[in-house]
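**Student:** With the sequence up front, the predicted model follows.
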Amino acid sequence: LYEISLFSEWIMLFLIFSLLVWAIICSSVERVIFIKQVRYYSIVILLTVLYLMLYNFLGMEYGSQVHYLSQNLSNCVIEMLIISVTLCVIYFGYNYNKKLGIVAYEYYIIMLFCACSFCFFISANNLILIYVLIELQSICTYVLVSINRNSKSSVEAGIKYYILSAFSSVFLLFGFSLLYGICGTLSVPDISIFLTEYHSVENDYFSYTVVLSMIFINVGFLFKLYAAPLHFWVSDIYEGSPTSVTMFISTVPIISYLYMFIKFYISIFSDVVYFYSNMLFYFSILSIALGTFGALVQKKVKKLIAYSSISSIGYILTGVSSNTVLLLQHSFMFLFIYIFNVLPVFIFLLNYSKQDAHNVNISRSFSGLFIQNKLLFTLYASFFFSLAGIPIFSGFFSKAYLLSGLCEEHYFFLLSICILGTVLSCYYYVKVIKIIYYDYLPSKTIVISKPEYFTFFTISMFFLFNIFFLFIFSWISDLCELMALSFYYG
């Protein structure tokens with residue numbers, strides 16, 4: 001079974017094609033029943049692949065330093081996170097999609113293909129393969145964003161995503177072509193070796209071409225990571241997409257593109273282009289500032305989450321730009337905790353709101369919800385407390401350790417920017433909690449649907465993770481440290 005688990009991505013691809021063939025053959029079955037069957041088989045495929053990946057992860061030689069410092073461990077962890085998030089989207093988004101009229105079986109097939117391409121993308125080490133997988137993901141995401149053909153905002157968001165994502169792909173392709181022209185190889189490890197050996201050679205043409213390649217690749221990846229000032233399109237995409245799709249594109253692409261961005265930064269450019277880290281500093285500062293100030297004036301939940309993700313990318317980039325194991329470790333921890341806090345926020349929007357999530361206004365729709373279900377909204381408020389970095393919650397530890405790492409590495413200006421951003425972010429997160437608990441507008445408040453037991457159980461598990469994070473902190477910290485080390489010694 002361990003040997004089989006090594007090919008989990010290929011097994012997933014084979015199962016998806018099998019499901020697609022079966023769906024095409026049996027599409028004449030009654031629509032509602034057929035959609036449930038496709039959803040059920042999609043969940044089975046994801047659970048099977050997740051089990052194989054977990055078996056592969058646990059099957060690694062625990063005491064082997066050489067094996068643990070290889071990037072196989074990092075790849076496996078990120079792929080398991082991608083599959084887990086996709087599983088949550090498919091399972092918890094069903095009722096919302098049904099209410100919105102999204103009854104196409106293609107929705108599940110495309111989402112599976114998108115998740116599978118992200119898994120291949122994580123392990124890719126060839127420039128052509130990386131670009132082809134980026135385009136495959138982009139095509140799948142275009143379709144998912146505009147899947148609700150009855151909604152003008154969904155179709156508009158799909159067109160925007162198509163045009164702007166194609167724009168970033170052009171930058172990546174041009175940067176890759178320059179790299180190939182310099183090095184004469186498409187292999188990322190070989191490019192890293194070539195640039196490390198020859199960057200000291202005094203050749204203006206070589207130096208300028210490497211810098212130009214780095215700028216294009218940098219812009220392409222940061223565009224897809226929603227980093228400021230390349231963020232102007234994100235809030236419209238989040239708001240126009242169906243909420244189930246927003247849940248997907250606000251988590252999975254960030255995880256995978258950030259991982260590949262770190263791989264390029266540390267493996268190729270960090271030792272070659274001396275000002276690369278300084279450039280990332282400016283991107284991180286702009287992301288924290290514009291994301292925080294943009295979130296302060298938002299009145300829609302999904303736009304608030306969009307700007308929250310922009311500022312979170314800024315915090316993560318502060319750790320990445322330092323090019324140290326310690327801060328990269330803290331960046332991974334920040335990313336994991338952010339994902340684990342954003343997911344339950346979307347699960348609530350998908351399952352408990354009887355109102356279309358496009359129209360969920362914070363000050364009106366969330367007013368007085370605590371009165372309807374005290375236990376549920378106590379759990380819900382904890383995730384906003386955690387995102388704000390309030391003590392005892394997991395978000396506090398992720399921000400505290402990132403700030404302590406900046407202080408330890410003597411990045412005091414970045415430290416002050418992060419502290420200021422954290423303080424300001426408390427306003428718009430706590431504002432949501434204040435509206436839920438203390439404001440009451442009977443004519444405007446949304447009516448929550450009856451909780452499903454498994455959905456409530458899942459939100460409770462996320463809550464327990466938030467509260468008792470300190471007890472598993474050392475294990476997660478060690479895992480993040482091994483992932484960070486793998487980029488330097490793998």
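**Tutor:** Yes, it's here.

**Student:** these two touch, right, Pro285 and Tyr315?
**Tutor:** Residue 285: Ile, not Pro. No - distance between Ile285 and Tyr315: 10.7 Å, which falls outside the contact criterion (Cβ atoms under 8 Å). In this view, the C-beta of every residue, glycine as well, is placed from N, C-alpha and C.

**Student:** Have a look at the two and say which one is more surrounded.
**Tutor:** Residue environment comparison for Ile285 versus Tyr315 gives the larger neighbour count to Tyr315, 28 against 20, counting by other Cβ atoms under 10 Å.

**Student:** remind me which residues of the stretch 251-400 of the chain are low pLDDT?
**Tutor:** Screening the stretch 251-400 of the chain residue by residue with the criterion pLDDT under 70, one finds the ranges 270-275, 352-369.

**Student:** If we use 80, what do you get?
**Tutor:** Segments of the stretch 251-400 of the chain classed as low confidence (criterion: pLDDT under 80) are 267-278, 322-323, 351-377.

**Student:** Can you list the buried residues in the helix or strand encompassing Met483?
**Tutor:** Here Met483, judged by DSSP states H and E, is contained in helix 469-489. Neighbour counts over helix 469-489 (16 or more other Cβ atoms under 10 Å) mark 469, 476-477, 479-487 as buried.

**Student:** and Tyr131, what is it in contact with?
**Tutor:** Neighbouring residues of Tyr131 by Cβ atoms under 8 Å, 6 or more residues apart in numbering: 169, 172-173, 176.

**Student:** mind checking the SS state of it?
**Tutor:** Using DSSP: H, G, I helix; E, B strand; the rest coil, the secondary structure recorded for Tyr131 is helix.

**Student:** do the same with Tyr226
**Tutor:** coil.

**Student:** ok, it - how many residues close by?
**Tutor:** Neighbour count for Tyr226, taken as other Cβ under 10 Å: 28.

**Student:** Excluding chain neighbours, what is closest to it?
**Tutor:** In space, and not counting its chain neighbours, Tyr226 is closest to Val234: 4.6 Å by Cβ to Cβ, 6 or more residues apart in numbering.

**Student:** what do you get for Arg149?
**Tutor:** Of all residues apart from its sequence neighbours, Val155 sits closest to Arg149 (Cβ to Cβ, 6+ apart), at 6.6 Å.

**Student:** Would it be right to say that the one you found lies in a helix?
**Tutor:** Yes - when classified by three-state DSSP, Val155 is found to be part of a helix.

**Student:** Please verify my assumption that it contacts Ile147.
**Tutor:** No - contact criterion Cβ under 8 Å: Val155 and Ile147 do not qualify, at 9.6 Å.

**Student:** So for those two, which residue has more residues nearby?
**Tutor:** Ile147 (23 against 16).

**Student:** Helix, strand, or coil at the more buried one?
**Tutor:** For Ile147, the secondary structure call by three-state DSSP comes out as coil.

**Student:** Could you measure from it over to Leu100?
**Tutor:** Relative to Leu100, Ile147 is positioned 9 Å away (Cβ to Cβ, to the nearest Å).

**Student:** Now for these two: what residues contact both?
**Tutor:** Contact criterion Cβ under 8 Å, 6+ apart; residues bridging Ile147 and Leu100 by contacting each: Pro242.

**Student:** Let's test this: mean pLDDT of stretch 17-34, rounded?
**Tutor:** Along stretch 17-34, the predicted local confidence has a mean pLDDT of 79.

**Student:** wait, Phe462 sits on Pro344?
**Tutor:** Yes - using Cβ under 8 Å, Phe462 is in contact with Pro344, at 4.2 Å.

**Student:** hey, where'd the helices end up in the stretch 101-250 of the chain?
**Tutor:** 106-123, 127-145, 152-183, 188-198, 204-224, 234-240, 243-249 (DSSP state H, counting those that start in this stretch).

**Student:** Ser165 contacts Ile139, correct?
**Tutor:** No - counting by Cβ under 8 Å, Ser165 stays clear of Ile139, with 9.5 Å between them.

**Student:** neighbour-wise, which of these two wins?
**Tutor:** A count of neighbours by other Cβ under 10 Å puts Ser165 above the other of Ser165 and Ile139, at 22 against 16.
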